[in-house]
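**Q** Next comes the sequence, and after it the predicted model I'd like to discuss.
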Amino acid sequence: MDDVQIKEMVRARYGSIAATSEADCCAPSSCCGPQATVHDKARRMGYTEAELAAVPEGANLGLGCGNPQAIAAMQLGEVVVDLGSGAGFDCFLAARQVGDTGHVIGVDMTHEMLKKARDNAVSIRAGNIEFRLGELEHLPIADNTADVVISNCVINLVPDKEQVLREAFRVLKSGGRLAVSDVINIAPLPAELRADPALLCGCVAGAAPAERIEAWLSEAGFVDVRVTRNVEGREMVESWAYGRGVENYIASAMVEARKPERVYNVLFLCTGNSARSILAEVLIGHWGKGRFNGYSAGSFPKGAVHPLALEELERHHLSTTGLRSKSWNEFARPGAPVMDLVFTVCDQAAGEACPVWPGNPVTAHWGVPDPAAVDGTEGEQRKAFHVAYLALENRIKIFVALPIDRLDRLAIKQKVDEIGRLGACRNRSCHDFGC
Ligand SMILES: C[S@@+](CC[C@H](N)C(=O)[O-])C[C@H]1O[C@@H](n2cnc3c(N)ncnc32)[C@H](O)[C@@H]1O
């Protein structure tokens, strides 16, 4: 089954649940074994009687697998986005927490769910909630909108989970938080369970391991990433497919992460701005994943980016669109982006009198031998570019892993100087290329 077919199956399944208010369990319609009411299930997930009494009748379809409200710490006036809002259960609770000055946006791709959620909102005259039709992979929400993104037992259903997490990052404001309840995979699923379409729609077969979720979150740019398994959820998971042992392969979990407070502007300087500084500009954008904006410039720009620099970047599938060789004066003018950090990557630029950078950035020297200066065969020149690439990538990976939000200026300066003192060639593949 391909991704489109999986999504259609999920939509049909939840459409029928919404239309019939059949709400046996998150998992296949064939659950047997002791059945708890949706109310009891929600109580076991940690929702209080007062919360359950406050939501409109029919909003709780018993489709969650935990309680994202418990970790979201919502405040009055905040904007909350609920991914896969179903009939609106968590949205109605969030609306109470954020009050009239706050706002809640539920997104769901299933028309029948959306209708149910909207009818529920009308029934209680909720003024601070809206439900939008949309897919989590392409959220119908502007950048930097939400203080909190919540979700309850949904992301496991989406084939491209990585894209959902990137979208969550995009719609969060700086410093915003992700508070998700979902299922995770804890052991490889036997083929028989993996191939069961009912278990795919039923929050079992699509679950990803915690380590992959953590890696996707970090790659999307999140920090303070944490996936915590909820051991008490075992009974609930078991009830989704009694007798089939699914509780041995998946578990309920809470997923927490934060979009960093601020995005740092980093400028790489060289003389010609055609090779090393260009590589660094692209590498920091790639490894910094939304936390760092990369820029580069030269004291005497060559006017064109070296073709081997472009070739090296393309070989690593990094975009070279819009790269150009530019003067450092561009970044010293009024209206230019204010730099937080400025690194010189060639010895000559480090020795020159720089313009005065607005914002008083932290500076350091990260010297790397000039690959464009290698006078040899084409193969030797390519090797030199590759070595420069690896040397810069090595430093940049260490740099972006620093807890920079929590370091003061002096500590940042110490760390970036230390990184600058690192040998350019520290890994095996670099040695393979002869440095
Ligand atoms: C298990 S239900 C959970 C509903 C709700 N969070 C709750 O706890 O009651 C999953 C919901 O996610 C929605 N959904 C699944 N995949 C989606 C996607 N790719 N984009 C938008 N909604 C999706 C389904 O339509 C369904 O309403």
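**A** Everything's here; your move.
**Q** ok, how many other residues are close to the nearest residue to Val164 once chain neighbours are set aside?
**A** Leaving aside its sequence neighbours, Val164 sits nearest to Leu136 (CB to CB, 6 or more residues apart in numbering; 4.5 Å). To be clear about C-beta, it is placed using only N, CA and C from the backbone, and glycine gets the same treatment. Leu136 is flanked by 22 other residues according to other CB atoms under 10 Å.
**Q** Can you name the residues that contact Leu136?
**A** Contact analysis of Leu136 by CB atoms under 8 Å, 6 or more residues apart in numbering lists Leu83, Gly84, Val107, Met109, Val154, Ile155, Val158, Val164, Glu167.
**Q** Of the residues you listed, which belong to helices?
**A** Cross-referencing these against helices under DSSP state H gives Val164, Glu167.
**Q** Indicate the residue of the stretch 201-350 of the chain located nearest to the ligand.
**A** Cys203 (5.9 Å; CB to the nearest ligand atom).
**Q** Now do the residue nearest to Val164, the pLDDT please.
**A** pLDDT for Leu136: 98.
**Q** Pull up the gap between it and Phe222, please.
**A** 16 Å (CB to CB, to the nearest Å).
**Q** How about Lys173?
**A** Distance from Lys173 to Phe222, by CB to CB: 13 Å.
**Q** more neighbours, these two?
**A** When Lys173 and Phe222 are compared for neighbours, Phe222 comes out ahead with 27 against 16, by other CB under 10 Å.
**Q** Contact partners for the more buried one?
**A** By CB under 8 Å, 6+ apart, the neighbours of Phe222 are Leu165, Phe169, Leu178, Ala257, Arg258, Lys259.
**Q** Which members of those residues define the maximum pairwise distance?
**A** Greatest spatial distance among the contacts of Phe222 (CB to CB): Leu165 and Arg258, at 12.9 Å.
**Q** so what sits against both of these two?
**A** Leu178, Phe222.
**Q** rewinding a little: any chance of TSV for the contacts of Phe222, columns distance to the ligand?
**A** Formatted as TSV, the contacts of Phe222 follow (distance: CB to the nearest ligand atom, whole Å):
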residue	distance to the ligand
Leu165	13
Phe169	16
Leu178	15
Ala257	18
Arg258	21
Lys259	21
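**Q** In strands, which of the residues you listed appear?
**A** The members of the contacts of Phe222 that map onto strands under DSSP state E are Leu178, Ala257, Arg258.
**Q** how many other residues sit next to the residue nearest to Gly127 when sequence neighbours are not counted?
**A** Leaving aside its chain neighbours, Gly127 sits nearest to Asp100 (6.8 Å; criterion: CB to CB, 6+ apart). Using other CB under 10 Å, Asp100 has 10 other residues around it.
**Q** Check Asn394 too.
**A** 19.
**Q** Enumerate the residues of the protein near the ligand.
**A** 7, 10, 14, 26, 61, 63-64, 84-86, 89-90, 108-110, 113, 135-137, 152-154, 157-158, 203 (CB under 6 Å from any ligand atom).
**Q** What residues sit buried inside the helix ranked longest in the chain?
**A** When the chain is parsed with DSSP H, its longest helix is helix 378-400. Within helix 378-400, the residues that count as buried by 16 or more other CB atoms under 10 Å are 381-396, 398-400.
**Q** Could you find the closest non-adjacent residue to Pro403?
**A** Leaving out its chain neighbours, Pro403 is closest to Val223 (CB to CB, 6+ apart), at 7.8 Å.
**Q** list the contacts for the one you found?
**A** Per CB under 8 Å, 6+ apart, neighbours of Val223: Ala257, Arg258, Lys259, Pro260, Arg291, Pro403, Asp405.
**Q** The first one: what's it in contact with?
**A** When you say that, I think you mean Ala257. Neighbours of Ala257 in contact, by CB under 8 Å, 6+ apart: Arg177, Leu178, Leu217, Phe222, Val223, Asp224, Val225, Arg226.
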